[in-house]
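A.B. asks: quick one, fold the following:
(one chain, ligands or ions: 3)
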Amino acid sequence: MSRAKRIAVIPGDGIGKEVTPEGVKVLESACAVTGQELSFNYFDWGADRFLKDGTTLPADAPQMLQRDFDVILFGAVGDPRVPLNQHAADILLGLRFKLDLYVNARPCALFDRRLTPLRDRSEQDVNFIVFRENTEGAYAGVGGNFKQGTADEVAVQEDVNTRKGVERIIRYALDYARRKGLKRVCMSDKSNAMTYGHGLWQRVWKEMKEEYKEVETRHLFVDTLMMELVRDPSQFQAIVTCNMFGDIASDLGAQLSGGLGLAPSGNIHPGKVSLFEPIHGSAPNIAGKNAANPMGSALAGAMMLEYLELEREAELIRDAARAAVREKKTTVDLGGQLGTREAGDWIAERISKRGLAGAGA
Ligand code: NAD
Ligand code: IPM
Ligand code: MN
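C.D. replies: Numbering: from 1, shown residues only. Ligands and ions are numbered 1, 2, ... in the order given. Have a look, this model is predicted:
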């Protein structure tokens, strides 16, 4: 048996603090089946800590995480008490940038046709993954304010696109398609309006796709992509796009596949410490009510296990999540009647039972 996998846990704010313990519970349950050891260390970065002593992301955190951990399980950040959620940008974008987690992988897979808002669509029709560039673009934080608070105020937010940044996310998406035997990859940009920045995406895409002749490649402007995703999602297997468009496309994709409550993501730098989280936020409107769906965190846990090459444990989680949806043992957003903790318990127990029965062996 390999040594314990070292997991840093950052629950964050709001429902992040409620769903993350469920994600941990489910990870423990899956790894108990195989005897894989896990160790968890908790970090209290979030709004409470920020409001107490001004800490957002400690300066030595990225180095410490890289040195002492294999992976990070993240909840969500965002709190109405913090103006502009500056702490959230420091913590979440800080980790993505400083750990150079350049791939944000966001799978959108429909577990049960009952959950899609699209008429006459089934599980086969909604099954794609969004690869979102995760370290630059409009999120780079390059810009500033001039004459702030006056009638002449100017606010500039630059969209930063580097050849290295664009190349590596496109290559990751194409390599992923090759590795998983996917037929189709769609690159999406807005090069008709953003001629400089997204002109670079066009040039890199054209060069790179030549190397992947076995993959059917396609380009769509992002406005058309949004429309086509709703009209006929079965066209898509993998989508690669910039930071902001990927943020938007993945919330749309989450809804097509059952809602924000069950959508997971991985912030990845291959071979380095990587961060896994549900794609939803801190949901202040339902926080503290034991109402949040823990499935996004549990499935982020499955992505984390896959990243750690613990395929069998990952599949145990996905199987149990599918069963929970099928049997309506879920929170209300997916048509069930369970609370956050009870939904987490159900998945964890399902995994243990399957483990005892020797399934998944
Ligand atoms: P949100 O994702 O928090 O919530 C959007 C809607 O989805 C709400 O109605 C919410 O109740 C519902 N929802 C979200 N997660 C759910 C779950 N697990 N179960 C059931 N329902 C769920 O987005 P928002 O309201 O735009 O943002 C709230 C705060 O979260 C903001 O501060 C925002 O910046 C932050 N945020 C953080 C992250 C992150 O940490 N990765 C992601 C998105 C938003
Ligand atoms: C996400 C969130 C973040 C983003 C916010 C909280 C900065 O929406 O993880 O999708 O835009 O990346
Ligand atoms: Mn988002």
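A.B. asks: and the gap between the spatially most central residue of the chain and A155?
C.D. replies: With distances taken as C-alpha atoms, centre = their mean, the residue of the chain nearest its centroid is S265 (1.9 Å). According to C-beta to C-beta, to the nearest Å, S265 and A155 sit 29 Å apart. C-betas here are computed from N, CA, C, even on glycine.
A.B. asks: could you measure from G165 over to Y42?
C.D. replies: Plainly put, G165 is 32 Å away from Y42 if you go by C-beta to C-beta.
A.B. asks: give me the more crowded residue out of those two.
C.D. replies: Neighbour tally, G165 and Y42, criterion other C-beta atoms under 10 Å: the higher count belongs to G165, 22 against 13.
A.B. asks: I'd like the next helix or strand past the strand or helix carrying the more buried one.
C.D. replies: Assigned by DSSP states H and E, G165 falls within helix 163-180. Following helix 163-180 in sequence order, the next helix or strand is strand 184-189 (DSSP H and E).
A.B. asks: the inter-axis angle of that following strand versus helix 163-180?
C.D. replies: Here strand 184-189 points in a direction 160 degrees away from that of helix 163-180 (axes from the mean of the first three to the mean of the last three C-alpha atoms, to 10 degrees).
A.B. asks: and the following helix or strand past strand 184-189, what's buried?
C.D. replies: Sequence order places helix 197-209 as the next helix or strand after strand 184-189, per DSSP H and E. By neighbour count with 16 or more other C-beta atoms under 10 Å, helix 197-209 contains the buried residues G197, H198, L200, W201, Q202, V204, W205, M208, K209.
A.B. asks: same check on stretch 246-263?
C.D. replies: By neighbour count on 16+ other C-beta under 10 Å, the buried set for stretch 246-263 is 246-247, 249-263.
A.B. asks: ok, now stretch 91-110?
C.D. replies: By neighbour count on 16+ other C-beta under 10 Å, the buried set for stretch 91-110 is 91-99, 101-110.
A.B. asks: out of the residues you listed, which touch ligand 2?
C.D. replies: When the buried residues of stretch 91-110 are checked against ligand 2 using C-beta under 6 Å from any ligand atom, the ones in range are L92.
A.B. asks: out of the buried residues of stretch 91-110, which are inside helices?
C.D. replies: The helices, defined by DSSP state H, take in G94, L95, R96, F97, K98 from these.
A.B. asks: leaving out chain neighbours, which residue sits closest to the fourth one?
C.D. replies: Put plainly, it is F97. Once flanking residues are discounted, F97 sits nearest to T135: 5.5 Å by C-beta to C-beta, 6 or more residues apart in numbering.
A.B. asks: ok, the last one next?
C.D. replies: In this structure, K98 finds its nearest non-sequential neighbour in P62, 4.0 Å apart by C-beta to C-beta, 6+ apart.
A.B. asks: show me the strands in the stretch 201-350 of the chain, by range?
C.D. replies: For the stretch 201-350 of the chain, the strands defined by DSSP state E, counting those that start in this stretch cover 216-221, 238-241, 264-268, 274-278.
A.B. asks: and those strands: which comes nearest A291?
C.D. replies: Comparing these by their distance to A291 (C-beta to C-beta), the top pick is strand 274-278, with 14.6 Å.
A.B. asks: list the residues that contact V160.
C.D. replies: V160 makes contact with E136, G137, A138, A140, V142, G197, according to C-beta atoms under 8 Å, 6 or more residues apart in numbering.
A.B. asks: L182: which of the buried residues of helix 197-209 is nearest?
C.D. replies: L182 lies nearest to K209 out of the buried residues of helix 197-209, by C-beta to C-beta, at 13.8 Å.
A.B. asks: was I right about that closest one contacting V215?
C.D. replies: Yes - applying C-beta atoms under 8 Å, one finds K209 in contact with V215, separated by 7.4 Å.
A.B. asks: shared neighbours, those two?
C.D. replies: Contact with both K209 and V215 is made by residues L174, according to C-beta under 8 Å, 6+ apart.
A.B. asks: returning to that earlier point: buried members of the contacts of V160 into ChimeraX, please.
C.D. replies: To isolate the buried members of those in ChimeraX, using 16+ other C-beta under 10 Å:
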select :136,137,138,140,197
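A.B. asks: just send the contacts of V160 back as a markdown table, with secondary structure too.
C.D. replies: Below are these laid out as a markdown table (DSSP: H, G, I helix; E, B strand; the rest coil):
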| residue | secondary structure |
| --- | --- |
| E136 | coil |
| G137 | strand |
| A138 | coil |
| A140 | coil |
| V142 | coil |
| G197 | helix |
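A.B. asks: which residues of the chain lie near ligand 1?
C.D. replies: Within the chain, the positions lying close to ligand 1 (C-beta under 6 Å from any ligand atom) are 15, 19, 76-78, 85, 88, 92, 260-261, 277, 280-286, 292-293, 296, 333.
A.B. asks: now, of the residues you listed, which are buried?
C.D. replies: Using 16+ other C-beta under 10 Å, the buried members of those are 15, 19, 76-78, 85, 88, 92, 260-261, 277, 280-283, 286, 292-293, 296, 333.
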